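Colleague: Generate a structure from the sequence data that follows.
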Amino acid sequence: MSAAGAGVSAGGAGMTGAGVGAGGAGMTGAGVSSAAPVVDVHAHAIFPELQRLVATGDPEGFEAHQRLEARRNGAASLEVSGAMVGARIPQLTVLERRLADMDAAGIDVQLVSPSPSHYYPFLGSRLAAEVARAANRAVASLVSRAPDRLGGLGLVPLQHPQLMVELLEDAVVTCGLRGVEISSFAPGVELSGERLEPFWARASQLGAVLFLHPFGCSLDERLDRYYLSNTVGQPVENAVALSHLIFSGVLDRHPALTLVAAHGGGYLPTFLGRSDHAWRVRPEARECAEAPSSYLRRLYFDSLVHTPHALRALAAAAGADRVLLGSDYPFDMGVDDPLERLRAAELGEAQTAAIASGTAAALGIGAGLGIAASERRNA
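Modeller: Purely as a prediction, here's the structure:
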């Protein structure tokens, strides 16, 4: 999708609270009874102009990053992933195909975020800021073409904490996006770091949605076969990143933060007993005010955990009202029937409706561009 002409302001096109798509609000036919639209909070788009900008602006860094990805993933997975992404370019770039797939899946609204391959954590500050601004405008342009079906998340360069507030404001205030997507770490930066404090504070003030989605695993070559870089690496990265947020006290200092963890939060939510034990017996693990498991109620998670049992366990650990529907559209590790997967968990009508619709509505996650009046007062 081209970013041309997408200098979209907060009062720009598509300013709707919660658009309803062709499937109809609530999707009762899919086993969900709700007056609110069904929202998929985990859906991606690719913007080829961003990669061209990076490859032209920092060819050496781009090539080095490609080599790192090769080491992390291994030749076999790179070959499969390349073919997979190539086959899905229409879903990733063609709006009409996206909308048709949403209709087929019973999704009223997608909250679209850039593919995490657009993080480019190796970029210097100047180019990183340029790419983030281009990404924000590319997402806003896409949303403006279907303002009753799409919402959007932008990007901030995690490797440059001093730029993150400015670029968060660019995404939310200038471009009218609902928030930003962030990775689990960047070179020299963990989510517990003090340099991120102004970012967490401004995100809380704006009511911005922060979508935590890892890309790449710091275990590197240990996961370079069998697609372990994804099947193990992504859940590990989620667990590590969320643990940094919890144990460091970030969630104590910023209780209004709205953070949604992809992939159901990885390994963390259903295995926090060990963390709680450490909090009780280890003094260095007590920088947070309460036992780690209590912070699940301060976080949100998508529903992409792949089995009914895992979704029931996530809902039991965090509460169904802290889970939102997520598909990872259109990648092969996602699912094309997220509502059917949700219904298969047999959580009951109220909890199912909360995951499909209710919690997104409560968080103000809907279609269109622009920030709510309550948020604009703090802009």
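Colleague: Which residues are in contact with the residue nearest the centre of the chain?
Modeller: Centroid check for the chain by CA atoms, centre = their mean gives Phe211 as the closest residue, at 3.2 Å. By CB atoms under 8 Å, 6 or more residues apart in numbering, Phe211 lies in contact with 41-42, 111, 113, 153, 179-182, 259-260, 262. C-beta coordinates here come from the backbone N, C-alpha and C atoms, glycine included.
Colleague: Given the host helix or strand of it, what are its sheet partners and their directions?
Modeller: In this assignment (DSSP states H and E), Phe211 forms part of strand 209-212. Using DSSP bridges, the strands paired with strand 209-212 are strand 179-182 (parallel), strand 258-261 (parallel).
Colleague: that older thread, can you tell me which of the contacts of Phe211 lies nearest to Pro292?
Modeller: The nearest member of the contacts of Phe211 to Pro292, counting by CB to CB, is Leu259 at 15.0 Å.
Colleague: Show me the beta-bridge partners of that closest one.
Modeller: Leu210.
Colleague: where in the chain is pLDDT low?
Modeller: 1-34, 371-379 (pLDDT under 70).
Colleague: so what's Ala171 closest to, chain neighbours aside?
Modeller: Distance criterion CB to CB, 6 or more residues apart in numbering; nearest residue to Ala171, sequence neighbours excluded, is Gly154 at 3.1 Å.
Colleague: So that neighbour belongs to a strand, correct?
Modeller: Yes - counting by DSSP: H, G, I helix; E, B strand; the rest coil, Gly154 is located in a strand.
Colleague: In contact with it, which residues are there?
Modeller: So Gly154 contacts 114, 132, 135-136, 139-140, 167-168, 170-172, 175, 177, 179-181 (CB under 8 Å, 6+ apart).
Colleague: swap in Gly61?
Modeller: Counted by CB under 8 Å, 6+ apart, Gly61 has contacts 54, 122-124.
Colleague: CA-only coordinates of stretch 245-256 in PDB, if you can.
Modeller: What follows is stretch 245-256 as a C-alpha-only set of coordinates in PDB (Å, rounded to 0.1, in the frame of the first residue of the first chain):
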ATOM      1  CA  LEU A 245       7.500  -5.200  32.500                       C
ATOM      2  CA  ILE A 246       6.200  -6.900  35.500                       C
ATOM      3  CA  PHE A 247       9.300  -7.400  37.700                       C
ATOM      4  CA  SER A 248      10.700  -3.900  37.000                       C
ATOM      5  CA  GLY A 249       7.500  -2.200  38.300                       C
ATOM      6  CA  VAL A 250       6.600  -0.600  35.000                       C
ATOM      7  CA  LEU A 251       3.000  -1.700  35.500                       C
ATOM      8  CA  ASP A 252       3.000  -0.200  39.000                       C
ATOM      9  CA  ARG A 253       4.300   3.100  37.800                       C
ATOM     10  CA  HIS A 254       1.900   3.200  34.800                       C
ATOM     11  CA  PRO A 255      -1.300   1.500  35.900                       C
ATOM     12  CA  ALA A 256      -3.300   3.000  33.100                       C
END
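Colleague: Pull out the buried residues from it.
Modeller: 245-248, 250-251, 254 (16 or more other CB atoms under 10 Å).
Colleague: What about the residue nearest to Arg88 when sequence neighbours are not counted, how many residues nearby?
Modeller: If the residues on either side of it in the chain are set aside, Arg88 comes closest to Pro330, at 4.9 Å by CB to CB, 6+ apart. Residues lying near Pro330 (other CB atoms under 10 Å) number 22.
Colleague: What's the separation between Pro330 and Met84?
Modeller: As judged by CB to CB, to the nearest Å, Pro330 and Met84 stand 10 Å apart.
Colleague: how about the strands in the stretch 51-200 of the chain?
Modeller: 109-114, 150-155, 179-182, 185-186, 189-190 (DSSP state E, counting those that start in this stretch).
Colleague: pull the longest helix from the chain.
Modeller: helix 125-145 (DSSP state H).
Colleague: CA atoms only for it - export them in CSV, please.
Modeller: Extracted in CSV, the C-alpha atoms of helix 125-145 (Å, rounded to 0.1, in the frame of the first residue of the first chain):
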residue,chain,number,x,y,z
SER,A,125,18.2,7.5,14.6
ARG,A,126,17.6,9.6,11.5
LEU,A,127,16.5,6.8,9.2
ALA,A,128,14.6,5.0,12.0
ALA,A,129,12.5,8.1,12.5
GLU,A,130,11.9,8.5,8.8
VAL,A,131,10.8,4.9,8.5
ALA,A,132,8.5,5.1,11.5
ARG,A,133,6.8,8.2,10.1
ALA,A,134,6.4,6.6,6.7
ALA,A,135,4.9,3.5,8.3
ASN,A,136,2.5,5.6,10.3
ARG,A,137,1.3,7.3,7.1
ALA,A,138,1.1,4.0,5.2
VAL,A,139,-1.1,2.5,7.8
ALA,A,140,-3.3,5.6,8.0
SER,A,141,-3.6,5.6,4.2
LEU,A,142,-4.8,2.0,4.3
VAL,A,143,-7.3,2.6,7.0
SER,A,144,-8.7,5.7,5.3
ARG,A,145,-9.6,3.5,2.3
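Colleague: and Gly207, which of the strands paired with strand 209-212 is closest to it?
Modeller: strand 258-261 (6.7 Å).
Colleague: That closest one: how far from the chain's middle?
Modeller: 8 Å (CA atoms, centre = their mean, to the nearest Å).
Colleague: which of the residues in the helix or strand following it are buried?
Modeller: As assigned by DSSP H and E, the chain's next helix or strand after strand 258-261 is helix 273-281. For helix 273-281, the neighbour count (16+ other CB under 10 Å) marks 275, 279 as buried.
Colleague: Nothing else from me, thank you.
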